[in-house]
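Q: model this:
(one chain, ligands or ions: 1)
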Amino acid sequence: MKKESFVSIAELSKDKILYLLEMSKEFEKTPNRKILDGKIVATLFFEPSTRTRLSFETAANRLGARVIGFTDPKATSSSKGETLKDTVLMVSNYADIIVMRHYLEGAPKYASEKAPVPIINAGDGANQHPSQTMLDLYSIQKTQGTLENLNIFLVGDLKYGRTVHSLLMAMRHFNPTFHFIAPDELKMPEEYKLYCKKNNIRYVEHTEFTDQIIADADILYMTRIQKERFTDLMEYEHVKNSYVLRNAMLANTRSNLRVLHPLPRVNEIDHDVDNNPKAYYFQQALNGVYVRQAIICDTLGLSLETIKD
Ligand code: CP
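A: As a prediction, the model looks like this:
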């Protein structure tokens with residue numbers, strides 16, 4: 001069994017992405033499969049989380065693994081000065097795999113170079129959130145019937161939002177057209193626009209968020225303004241209410257449109273959108289369990305054939 005860390009979406013080929021989505025479908029059909037009996041999954045969360053941690057832990061439990069970990073780094077020896085390297089070496093003594101969220105960009109990659117067990121990146125600073133991207137892809141494929149040739153509108157904090165950065169990279173295989181809707185202060189960073197150019201990904205930038213602009217969207221991907229990443233809170237106050245999706249704005253959108261959001265939301269989607277059949281964000285979060293089951297199994301070296309047996 002070959003064990004590999006899962007730290008960057010950019011490293012995944014099209015075949016690998018489609019393979020993981022296929023495996024996720026198997027887990028959606030039958031979530032409870034005790035194929036990781038005797039394994040221990042460690043969840044190390046150096047930043048807050050609800051969905052990512054709990055869905056990874058649910059995934060591990062449904063696979064029959066046991067879970068250890070922490071949600072508050074202040075209650076661990078990292079608060080006494082223990083290095084990340086020492087922490088992951090220690091946890092590797094206890095667990096077969098480490099799921100890690102960290103506020104420092106690149107921390108999971110660094111951990112994967114030091115730890116003898118595989119590392120799964122559960123989000124690193126404003127950089128990447130690859131398991132979120134896999135569940136976003138799963139949700140897009142499930143609702144659109146394909147990942148190819150879609151109009152994807154990314155709305156909100158495109159500067160600090162790691163989920164949009166990862167999604168952009170993953171979609172390079174599927175000929176998308178992106179629309180970036182953000183205030184000037186939170187525009188898609190140049191490095192990602194350069195990535196689009198290098199990978200022939202079409203994109204259009206907007207600052208307005210109106211019914212007309214989203215009329216031909218297949219996917220409307222809303223994001224929260226990432227308050228915790230601002231060094232200047234005055235700047236956050238200036239942009240925090242930039243865009244709000246209201247139910248009426250969806251009236252003339254395409255019938256196949258689905259609204260996604262990695263969650264948590266603050267005020268960028270009105271609660272009256274929740275009952276609109278085009279709202280898909282809660283199902284999207286549920287899909288995270290199946291996708292994370294697939295990621296854990298694949299990372300531990302279990303194949304699609306093995307899980308079907
Ligand atoms: N989508 C996401 O990462 O949510 P949490 O921060 O609650 O894990």
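Q: gap between S112 and E4?
A: S112 sits 9 Å away from E4, going by Cβ to Cβ, to the nearest Å. Every residue, glycine included, has its C-beta placed from N, CA and C.
Q: meant to ask about D136
A: Separation of D136 from E4 (Cβ to Cβ) stands at 21 Å.
Q: if you count what's nearby, which of these two comes out ahead?
A: Per other Cβ atoms under 10 Å, whichever of D136 and E4 has more neighbours is D136, with 27 against 13.
Q: check contacts around the more buried one.
A: Residues in contact with D136 (Cβ atoms under 8 Å, 6 or more residues apart in numbering) are 163, 167, 170, 221, 260, 262, 284.
Q: Surely the third one is in contact with T133?
A: Yes: in this structure A170 lies within contact range of T133 using Cβ atoms under 8 Å: 4.9 Å.
Q: burial count for the residue of the stretch 51-200 of the chain at minimum distance from the ligand?
A: Residue nearest to the ligand within the stretch 51-200 of the chain (Cβ to the nearest ligand atom): T52, separated by 3.2 Å. Here the count is done by other Cβ under 10 Å, and T52 has 26 residues near it.
Q: try V155
A: V155, neighbours per other Cβ under 10 Å, totals 27.
Q: Work out for me the element the residue positioned nearest the centre of the chain sits within.
A: Closest to where the C-alpha atoms of the chain average out (Cα atoms, centre = their mean) is Q132, at 1.7 Å. Per DSSP states H and E: Q132 is located in helix 130-144.
Q: Quick one: mean pLDDT over that helix.
A: Throughout helix 130-144, pLDDT has a mean value of 98.
Q: Neighbouring strands of the next helix or strand after it in the sheet, and parallel or not?
A: Per DSSP H and E, the first helix or strand lying C-terminal to helix 130-144 is strand 151-155. Paired neighbours of strand 151-155 in the sheet (DSSP bridges): strand 177-181 (parallel), strand 219-222 (parallel).
Q: out of those strands, deepest packed?
A: Ranked by mean neighbour count, those are led by strand 219-222 with a mean of 26 (mean count of other Cβ atoms under 10 Å).
Q: interface residues of the stretch 1-150 of the chain facing the ligand?
A: With Cβ under 6 Å from any ligand atom as the criterion, the stretch 1-150 of the chain meets the ligand at residues 49-52, 123, 132.
Q: Return the helix or strand in this protein with minimum mean pLDDT.
A: Within the chain, no helix or strand scores below helix 233-239, which has a mean of 83 by mean pLDDT, DSSP states H and E.
Q: Which one of A170 and T133 is surrounded by more residues?
A: Applying other Cβ under 10 Å to A170 and T133 shows that T133 carries more neighbours, namely 25 against 22.
Q: before we move on, back to that, same list, the strands paired with strand 151-155, but as TSV with mean pLDDT and distance to H271 please.
A: Formatted as TSV, these follow (pLDDT from 0 to 100; distance: least, Cβ to Cβ, whole Å):
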stretch	mean pLDDT	distance to H271
strand 177-181	98	21
strand 219-222	98	13
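Q: CSV please, covering those and showing distance to M23.
A: Output for those, formatted as CSV (distance: least, Cβ to Cβ, whole Å):
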stretch, distance to M23
strand 177-181, 27
strand 219-222, 22
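Q: With distance to the ligand as added columns, please give the ones you listed in JSON lines.
A: Converted to JSON lines, the strands paired with strand 151-155 look like this (distance: least, Cβ to the nearest ligand atom, whole Å):
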{"stretch": "strand 177-181", "distance to the ligand": "19"}
{"stretch": "strand 219-222", "distance to the ligand": "12"}
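Q: Whichever strand or helix holds C196: what's the following helix or strand?
A: Per DSSP H and E, C196 falls inside helix 190-198. Per DSSP H and E, the first helix or strand lying C-terminal to helix 190-198 is strand 202-206.
Q: So this structure: which segments form each domain?
A: 9-128+288-308, 130-285 (automatic domain parsing).
Q: end-to-end on the longest one?
A: For domain 130-285, the first and last residues are 14 Å from each other (Cα to Cα, to the nearest Å).
Q: Ok, stretch 161-179 next?
A: This stretch, stretch 161-179, spans 15 Å end to end (Cα to Cα).
Q: roughly how far is that stretch from the heart of the chain?
A: 11 Å (Cα atoms, centre = their mean, to the nearest Å).
Q: List the buried residues for that stretch?
A: Buried residues in stretch 161-179, counted by 16 or more other Cβ atoms under 10 Å: 161-174, 176-179.
Q: any idea how far the residue in the chain sticking out farthest from the centre is from R101?
A: No residue in the chain sits farther from the centre than K80, which is 30.6 Å out by Cα atoms, centre = their mean. To R101, K80 is 20 Å away according to Cβ to Cβ.
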